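**Q** Task: produce atomic coordinates for the following.
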Amino acid sequence: MHYNKILHSRNNLYENATVDSLIFAAHKDFVLSVSVENITKIYGEQKAVDDISFSMNGGDILGFLGPNGAGKSTTMKILTCFIPQTYGKAKVCGFDVETQSVDVRRNIGYLPEHNPLYLDLYVKENLEFVARIQGMKNFDKRVEEMIAVTGLTPERKKKIGQLSKGYRQRVGLAQAMLHDPKVLILDEPTSGLDPNQLIEIRNLIKQLGKEKTVILSTHIMQEVQAICNRVIIINKGKIVADDSVEGIQSKSKGTTLINATFKESIDKNKLTQLKGVADVKHIGENQFIIQYIGDEDMREKLFRFAVDHHYTLLNLQIEKQSLEDVFQLLTTK
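**A** Model prediction:
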């Protein structure tokens, strides 16, 4: 594709546009939606984010996971131009977060963890106010569309201060999507929702992911499995895993979980002393989940253990590693 020809033909339409934005409009497939290269953020002597890199294309729904203080919110604040990085580069839709922050913000919809809203405004009034700030024209139809899409229609005549936490989250989500951004960054978007609202918002995010790039930060593992096609786990400022949900679960290769139930009462410490056993959890009457590291079949070893100690095994089976299990494995000592 010849960009000079495209630039010339679109000159009248994009008279005030930058060369970068014209190239993006001409062939957006050549530009990653999100690109993070060796980003580091230092506060005093602490590295909140430590040399992380990843990239995303349109249609990705990324589950961004990590313990509290791992660096998730810091990374999202850098991408949304709230704070600058100490080192490294980050781009959104081809625009640099430091030198082209206005273009970045035009392409991002952001729902922060602590959703800032004007409590004295009515729902529609609040969305219209945000639309004006964003410089949107003829926004009435778009405001009505966002009210309907996020399920705010029954509450539209209420002041935001009168809404439940779940409906306030919906207002925040409507604000984030109002200007039809290419990238959505959502920090705990389903916080405070009841089970029915949760399903509706999850379905909405999945639908949005077909057209947009979505970064979703959450502590709810079931949410990640239900929505995301990719997962990044960050711990102590570093990325410790980056793969599909299935790929992340396979990160536990070499670690096996065994569900064992005995007829007799057993001292948990006897199981932890078996060679290769990393952890033992007592989950019920004489029932244990045994985490084993190694290639040997732990079931055979447990059977021998039971015979040698005259115990009766009632159940012995391999458990599939959940996303939560792998998360704990990757983010704890």
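**Q** and I239, what are its bridge partners?
**A** I234 (DSSP bridges).
**Q** isn't it right next to D51, touching?
**A** No - the pair I239 and D51 fails to qualify as a contact (CB atoms under 8 Å) at a distance of 9.1 Å. Glycine gets a C-beta too; all of them are placed from N, C-alpha and C.
**Q** who has more neighbours, these two?
**A** Just comparing I239 and D51: by other CB atoms under 10 Å the higher neighbour count belongs to I239, 20 against 14.
**Q** Quick check: the more buried one vs K41, distance?
**A** Spatial separation of I239 from K41 under the definition CB to CB, to the nearest Å is 14 Å.
**Q** Quick one: neighbours of the closest residue to K165 other than its chain neighbours, just the number.
**A** Once its chain neighbours are removed from consideration, K165 has its nearest residue in G192; the separation is 3.4 Å (CB to CB, 6 or more residues apart in numbering). As a burial measure, the neighbour count of G192 was computed by other CB under 10 Å and equals 14.
**Q** Now T153. Nearest residue, chain neighbours left out?
**A** Nearest to T153 is I147, by CB to CB, 6+ apart, at 5.9 Å.
**Q** Please write out the alpha-carbon positions of the strand or helix carrying that neighbour in CSV.
**A** When elements are assigned from DSSP states H and E, I147 belongs to helix 140-149. This file holds the C-alpha atoms of helix 140-149, laid out as CSV (Å, rounded to 0.1, in the frame of the first residue of the first chain):
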residue,chain,number,x,y,z
ASP,A,140,-28.4,12.9,22.0
LYS,A,141,-28.7,9.6,20.1
ARG,A,142,-25.4,8.3,21.5
VAL,A,143,-26.4,9.1,25.1
GLU,A,144,-29.7,7.3,24.6
GLU,A,145,-27.9,4.3,23.1
MET,A,146,-25.5,4.0,26.0
ILE,A,147,-28.4,4.3,28.6
ALA,A,148,-30.1,1.4,26.8
VAL,A,149,-27.0,-0.7,26.3
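**Q** Check the contact between L117 and R170; I expect there is one.
**A** No - applying CB under 8 Å, one finds L117 not in contact with R170, separated by 10.8 Å.
**Q** hmm, who's touching stretch 326-333?
**A** Taking CB atoms under 8 Å, 6 or more residues apart in numbering as the criterion, the residues outside stretch 326-333 that touch it are 65-67, 70, 221, 233, 235, 240-241, 248-249, 251-252, 255.
**Q** go again using 7 Å as the cut-off
**A** 65-67, 221, 233, 235, 240-241, 248-249, 251-252, 255 (CB atoms under 7 Å, 6 or more residues apart in numbering).
**Q** wait, which of the residues you listed is closest to V97?
**A** Within the contacts of stretch 326-333, the smallest distance to V97 is 20.4 Å, found for G66 (CB to CB).
**Q** Contacts for stretch 88-100 next, please.
**A** Stretch 88-100 is contacted from outside by 20, 24, 31, 33-40, 78-79, 81, 84, 103-104, 107-108, 182-183, using CB under 7 Å, 6+ apart.
**Q** at 6 Å what do you get?
**A** 20, 24, 31, 34-40, 78-79, 81, 103-104, 107-108, 182-183 (CB atoms under 6 Å, 6 or more residues apart in numbering).
**Q** Using PDB, write out every CA atom in it.
**A** Coordinates of the C-alpha atoms in stretch 88-100 are reproduced here as PDB (Å, rounded to 0.1, in the frame of the first residue of the first chain):
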ATOM      1  CA  GLY A  88      10.100   2.600  28.300                       C
ATOM      2  CA  LYS A  89       7.500   3.300  25.700                       C
ATOM      3  CA  ALA A  90       3.800   2.800  25.400                       C
ATOM      4  CA  LYS A  91       1.500   3.400  22.500                       C
ATOM      5  CA  VAL A  92      -2.300   3.200  22.000                       C
ATOM      6  CA  CYS A  93      -3.500   3.000  18.400                       C
ATOM      7  CA  GLY A  94      -0.100   4.100  17.300                       C
ATOM      8  CA  PHE A  95       0.000   7.200  19.500                       C
ATOM      9  CA  ASP A  96       2.700   7.700  22.100                       C
ATOM     10  CA  VAL A  97       1.300   8.100  25.700                       C
ATOM     11  CA  GLU A  98       3.900  10.800  26.500                       C
ATOM     12  CA  THR A  99       4.100  12.900  23.300                       C
ATOM     13  CA  GLN A 100       0.600  12.300  21.800                       C
END
